[in-house]
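Novice: need coordinates for the following:
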Amino acid sequence: MAKKESYEEMLIKLQEILNNLENDELNLEESMKSYEEGVKLINKIYKVLDSYEAKISIIKEEKEVEFNDGDGDK
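Specialist: Reported below is the predicted structural model:
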């Protein structure tokens, strides 16, 4: 089973792709393949960020409820 790439690993891989595209040493076919791989990586990165954003929203809501429950209305 393939190991799932971490967010940081995906960013490093994306930077490598960008460096390869910028150095002009790839032919057109290789450039297109690298570009496609980069777009796929960006989509994965966005999914990870969306997941983290959703988790943060849930945690934030839970903490706001806890704070409001203990507001001292005694």
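
Novice: list the buried residues of the helix or strand residue 8 falls within.
Specialist: Using DSSP states H and E, residue 8 sits within helix 7-22. Buried residues in helix 7-22, counted by 16 or more other Cβ atoms under 10 Å: 10, 13, 14, 17, 20. Bear in mind the C-beta positions are built from the backbone N, C-alpha and C, glycine included.

Novice: my read: the fourth one touches residue 37, true?
Specialist: What it means is residue 17. Yes: using Cβ atoms under 8 Å, residue 17 is in contact with residue 37, at 6.0 Å.

Novice: for the helix or strand containing residue 46, give the mean pLDDT please.
Specialist: Residue 46 belongs to helix 28-69 when assigned by DSSP H and E. If you average the pLDDT over helix 28-69, you get 89.

Novice: tell me the angle it makes with helix 7-22.
Specialist: 150 degrees (axes from the mean of the first three to the mean of the last three Cα atoms, to 10 degrees).

Novice: so which elements touch helix 28-69?
Specialist: Where contact means 3 or more Cβ pairs under 8 Å, 6 or more residues apart in numbering; DSSP states H and E, helix 28-69 is packed against helix 7-22.

Novice: run the chain-centre distance for the helix it packs on.
Specialist: 13 Å (Cα atoms, centre = their mean, to the nearest Å).

Novice: contacting residues around it?
Specialist: Helix 7-22 has contacts (Cβ atoms under 8 Å, 6 or more residues apart in numbering) with 5, 26, 31, 34-35, 37-38, 41-42, 44-45, 48-49.

Novice: could you rerun that using 10 Å?
Specialist: 3-6, 26, 30-31, 33-42, 44-45, 48-49, 51-52 (Cβ atoms under 10 Å, 6 or more residues apart in numbering).

Novice: any idea of the pLDDT on residue 73?
Specialist: pLDDT for residue 73: 52.

Novice: tell me the contacts of the residue nearest the centre of the chain?
Specialist: Residue closest to the mean C-alpha point of the chain, counted by Cα atoms, centre = their mean, is residue 45 at 2.6 Å. Listed by Cβ under 10 Å, 6+ apart, the contact partners of residue 45 are 5, 7, 10, 11, 13, 14.
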